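K.L.:
pasting the sequence and the predicted model now:
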Amino acid sequence: MAGFIICFDGIDGAGKKTQSDLLVKSMNEIGKNVSLHSYPDYESRYGKIIREFLDGKIEMDVNELFLLYLLDMVKDKKTIKEEIARGDIVVMDRYFPTTIAYQCAGGFDYDNARKLEEVMKLPVPSLIVYLDVSVEVSFERKSKQKGHQVDRFEKDKLYLTKVKEMYDRLYEEKYSGAQWIKIDATEKPEDIHQKVMGLVSVDRVQV
Ligand SMILES: Nc1ncnc2c1ncn2[C@@H]1O[C@H](COP(=O)(O)OP(=O)(O)OP(=O)(O)O)[C@@H](O)[C@H]1O
Ligand SMILES: [Mg+2]
């Protein structure tokens, strides 16, 4: 039986890693094979360049950034397809909605973003869980978590407001034909997880 992709996405500090880890743990407990991908993939050659950019060590324009973030996912396309083919639940801690939301908020043309992403034919998630928090909550969480270590995107409230608007748009448009659900991500992590578990069973997603 083929597997499927579940993607957690949303602005900084929405709880993507928290929910990805909880889902992986619950699926492992019931003996289901899970693969986890987290983007940007800082271990990859592309991710290393992204890290340098986020830390302010190098400059890139929005076109370079869009293509680099996209490339960081495209490099895993074959692997992701293999994981699905062998029946895994593939959990994405950020995926293409992130690239579109952040780069279009940074000035990349939305229609071109859609076209480029579509040309690359990245495997489409069965479910995109949009973890919804306000920009204020995002800032509170990130500054509590990281103090002064926040990266260049995380510093900028106006920018993050635009990113959130892009996520809202992707959600409204149900981008890429995936099923989307929006969850109030200010709820307790365990409660959010239970909502997700209510939608996901070992062999399918039912929204
Ligand atoms: N539902 C929640 N309620 C309160 N705090 C939360 C919740 N979920 C996560 N957090 C906390 O918020 C912070 C960010 O969580 P997490 O790393 O899971 O978010 P993220 O979306 O992966 O962030 P980033 O965008 O930076 O990768 C952590 O300190 C985490 O413990
Ligand atoms: Mg994260």
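P.N.:
Received the coordinates, thanks. Ligands and ions are numbered 1, 2, ... in the order given.

K.L.:
not counting its neighbours along the chain, what's nearest the one residue sitting closest to the centre of the chain?
P.N.:
The C-alpha lying nearest the average C-alpha coordinate of the chain belongs to residue 94 (Cα atoms, centre = their mean; 1.5 Å). What sits nearest to residue 94 in space, not counting adjacent residues and going by Cβ to Cβ, 6 or more residues apart in numbering, is residue 39, at 4.4 Å. (Each C-beta comes from the backbone N, C-alpha and C, glycine too.)

K.L.:
in this protein, which residue sits nearest ligand 2?
P.N.:
Taking Cβ to the ion as the measure, the chain has residue 17 as its residue closest to ligand 2, at 3.8 Å.

K.L.:
in space, what's closest to residue 143 - neighbours in sequence excluded?
P.N.:
Excluding the flanking residues, the one nearest residue 143 by Cβ to Cβ, 6+ apart is residue 150, at 6.8 Å.

K.L.:
near that neighbour, how many other residues are there?
P.N.:
As a burial measure, residue 150 scores 17 neighbours (other Cβ atoms under 10 Å).

K.L.:
please, where are all the strands along the protein?
P.N.:
Using DSSP state E, the strands of the chain run over 4-9, 34-38, 89-93, 127-132, 179-184, 200-201, 204-205.

K.L.:
what about the fourth one, near ligand 2?
P.N.:
The reference is to strand 127-132. No - Strand 127-132 lies out of reach of ligand 2 by Cβ under 5 Å from the ion, never closer than 10.3 Å.

K.L.:
elements contacting the longest helix along the chain?
P.N.:
In terms of residue count, the longest helix belonging to the chain (DSSP state H) is helix 157-173. With contacts taken as 3 or more Cβ pairs under 8 Å, 6 or more residues apart in numbering; DSSP states H and E, helix 157-173 sits against helix 96-105, strand 127-132, helix 135-146, strand 179-184.

K.L.:
mean pLDDT, mean neighbour count and distance to residue 165 for the strands of the chain - can I get that in TSV?
P.N.:
Compiled in TSV, these are given as follows (pLDDT from 0 to 100; neighbours: other Cβ atoms under 10 Å; distance: least, Cβ to Cβ, whole Å):
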stretch	mean pLDDT	mean neighbour count	distance to residue 165
strand 4-9	98	25	14
strand 34-38	98	18	24
strand 89-93	98	24	22
strand 127-132	98	23	12
strand 179-184	97	16	14
strand 200-201	88	17	28
strand 204-205	86	16	27
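
K.L.:
can you add distance to ligand 1 and give those strands back as JSON lines?
P.N.:
Supplementary listing: the strands of the chain in JSON lines, determined by distance: least, Cβ to the nearest ligand atom, whole Å:
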{"stretch": "strand 4-9", "distance to ligand 1": "7"}
{"stretch": "strand 34-38", "distance to ligand 1": "8"}
{"stretch": "strand 89-93", "distance to ligand 1": "6"}
{"stretch": "strand 127-132", "distance to ligand 1": "7"}
{"stretch": "strand 179-184", "distance to ligand 1": "9"}
{"stretch": "strand 200-201", "distance to ligand 1": "18"}
{"stretch": "strand 204-205", "distance to ligand 1": "21"}
